[in-house]
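> Sequence and predicted structure below; questions after.
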Amino acid sequence: MSAAITRNRYWRLDAHPVGQDFAAALSLQTETPAPLADGEVRIAVDYLSMDAGTRMWMTGRTDGYQPPLALGSRMVGLVLGRVCESRASGFAVGDLVRGFGQWAELAVVVPALAGLERIEGPLADPRDPFGVAGLNAWTAHIGVCDVAGVCAGQWLAVSAAAGATGVMACQIGRNLGAHVVGIAGGPDKCRYLTEVIGVDLAIDYRAQDVSAALARIEGGVHAYFDNVGGPLVDAVLPHMAHYGRVAVCGMVAGYDGAPLPGPARFDQVLMRRLRIEGFFIPDVLAAGGVFPAVLRDWAREGRLSMPFDQSEGIENVLVAYGRMMGGANIGKTIVKVSR
C-alpha cells in the first residue's frame, strides 16, 4: 500500500432507513486502509453517483434485482476516479475508471464483480462518465429504442422526466422525432423540460391531473418510459394507444421497502393490447453490450446534455442523496469527493 494512503472515510449502513431519515441509518466512518488482496483495485474517488435504485438495497427486501446490503456493510454505489493501487491485471495506477464501489474516499473493488471499466479518450467534462457518456444515458437509450421501440411521429411519455435517466429519455425521444411528454414534480422542472430540453408537453403531477392532460393526446401515448411506478401507472394506462409499449426502468415509489400494489387499471393491458417489459442495465453489461455511438454523436452535436446537481465532500453524501430521493434535483445528482 502506498505510504501516502493513511486514511479513508466511508459511509456504513447501520440500520434500515425509515422513510427518508438516512442520517439515522448511515454513519460516516474513518479507517486506516487495509492492504489489497490479489485481484483487487483501490480507487481514489473523484465523484460518487447518487442513484434511486440503491434505496432498495438499504431495505431488507430479498425479492429485488439486487440482494439487500447486510447491516454493518459499506454503502455501495457507482464511483468515478483514478486507480491509486492495483493488484489486478488490466488496471494500472493512474487509470480513470468507473464501476460499482463504495460511498468512500477510497473504494476497493474486484474489477469483474464491480463492472469496472477504464474510461478512454479526452472528456469535454470530467463528469461525462456520469452524464452523457454514463449509464443513465445508456439505460435511457435501451428503454426508448430497444424496449419501447419509439419511432418518429409517435408519442412518448416519461415519468421522473427531470431526473438523470428521465432527462436522457426525453432527449433521445426528441432526437428520434417523437412527440415527448415529460411528467415531473414542480414548475421549475416542467419549465426546464419545455424551455431547455424541448419536450412537447410537460405535466406537473403535483399540480395537474395527469390523466386529464394525457387524455388530450389524440390517438393516445404509444410508449411510456416508467421510472416511478405507483399511481402514475394508473394515470397513464387508460391513455395508451392500442399496441403501446411500457418500458419499466424504475420503481422509485416503492424503493423504501414494501412492494407496490398492482395497477388498478391493469385491465387496460388487455383492452389496449399493451406490452410491458422491465429492463436492467447490468444485464446488458454482463452480456457484453457496447455503449451506443449515437449518444456520443448527439452529445458532440449539442443534442444531448446532462445537468448536474453537485454537492461537495464525502461528508455531504446524505445531503445529496436526500435531495435526489426528495426530488429536489434536476438531472444527475453527484458528490465531488476529491478536493
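Perfect, thanks for sending it.
> Quick check: the gap between the closest residue to Thr62 other than its chain neighbours and Val228.
Spatial nearest neighbour of Thr62, excluding adjacent residues (CB to CB, 6 or more residues apart in numbering): Pro68 at 6.4 Å. C-beta here means a position set from N, CA and C on the backbone, and glycine is covered the same way. The gap separating Pro68 from Val228 is 21 Å, by CB to CB, to the nearest Å.
> higher neighbour count, the two?
Val228 (25 against 17; other CB atoms under 10 Å).
> The more buried one and Leu78, how far apart?
21 Å.
> Ok, Leu13 next?
Counting by CB to CB - Leu13 and Leu78 are separated by 16 Å.
> The lowest-mean-pLDDT helix or strand in the chain: how far from the chain's middle?
Every helix and strand of the chain was ranked by mean pLDDT, DSSP states H and E. The lowest is helix 281-286, at a mean of 89. Helix 281-286 sits 14 Å away from the centroid of its parent chain (CA atoms, centre = their mean, to the nearest Å).
> ok, back up a step: residues touching the residue nearest to Thr62, list them.
56-62 (CB atoms under 8 Å, 6 or more residues apart in numbering).
> And Arg98, by the same measure?
78-80, 116-117, 119, 129-130, 134.
> Okay, and which of those map to strands?
Among the contacts of Arg98, the residues falling in strands (DSSP state E) are 78-80, 117.
> Would you reformat those residues as TSV and include pLDDT, distance to Pro238 and neighbour count?
Listed next are these as TSV, based on pLDDT from 0 to 100; distance: CB to CB, whole Å; neighbours: other CB atoms under 10 Å:
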residue	pLDDT	distance to Pro238	neighbour count
Leu78	97	36	24
Val79	98	42	27
Leu80	98	42	26
Glu117	95	42	16
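> report the longest helix in this protein, please.
The helix that spans the most residues within the chain, counting by DSSP state H, is helix 164-175.
> That helix packs against which elements?
helix 135-141, strand 155-159, strand 179-184, strand 221-226, helix 293-300 (3 or more CB pairs under 8 Å, 6 or more residues apart in numbering; DSSP states H and E).
> mind redoing it with 7 Å?
Helices and strands touching helix 164-175, by 3 or more CB pairs under 7 Å, 6 or more residues apart in numbering; DSSP states H and E, are helix 135-141, strand 155-159, strand 179-184.
> now that helix and strand 179-184, what's the angle there?
For helix 164-175 against strand 179-184, the angle between stretch directions is 160 degrees (axes from the mean of the first three to the mean of the last three CA atoms, to 10 degrees).
> now this protein, which segments are flagged as low pLDDT?
Within the chain, the ranges that satisfy pLDDT under 70 run 1-4.
> who are the neighbours in contact with the residue nearest to Arg74 when sequence neighbours are not counted?
Closest residue in space to Arg74, ignoring its immediate chain neighbours: Gln102 at 4.2 Å, by CB to CB, 6+ apart. With contact set as CB atoms under 7 Å, 6 or more residues apart in numbering, Gln102 has these partners: 10, 74-76.
> what about 8 Å?
10-11, 74-77, 79, 108.
> and stretch 234-251, which residues are buried?
234-237, 239-241, 244-251 (16 or more other CB atoms under 10 Å).
> secondary structure class for Ser27?
strand (DSSP: H, G, I helix; E, B strand; the rest coil).
> Please report how far it lies from Ala124.
For Ser27, the distance to Ala124 - CB to CB - is 37 Å.
> didn't Tyr255 look like it was pressed against Met56?
Yes. Using CB atoms under 8 Å, Tyr255 is in contact with Met56, at 4.5 Å.
> Quick check: end-to-end length of stretch 34-51?
From its first residue to its last, stretch 34-51 covers 28 Å (CA to CA, to the nearest Å).
> Number the residues from 47 up from this point.
All right, first residue 47 from here; so that's stretch 80-97.
> Now do that stretch: distance to the chain's middle.
20 Å.
> that older thread, and the contacts of Arg144 as TSV, adding distance to Gly232?
As requested, the contacts of Arg144 are exported to TSV (distance: CB to CB, whole Å):
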residue	distance to Gly232
Leu124	26
Val125	30
Leu126	28
Leu162	36
Glu163	35
Ile165	33
Pro175	28
Phe176	23
Gly180	24
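> Going by distance to Gly377, which of these wins?
Gly377 lies nearest to Phe176 out of those, by CB to CB, at 10.2 Å.
> check contacts around the closest one.
93, 95, 124, 126, 144, 182, 352, 354, 378, 380.
> could you flag which of those residues are buried?
Counted by 16+ other CB under 10 Å, the contacts of Phe176 give 93, 95, 124, 126, 144, 182, 352, 354, 378, 380 as buried.
> farthest-separated two in those residues?
Across the buried ones among the contacts of Phe176 (CB to CB), the longest gap, 15.4 Å, separates Arg144 and Phe354.
> care to break the chain down by domain?
54-174+353-382, 181-328 (automatic domain parsing).
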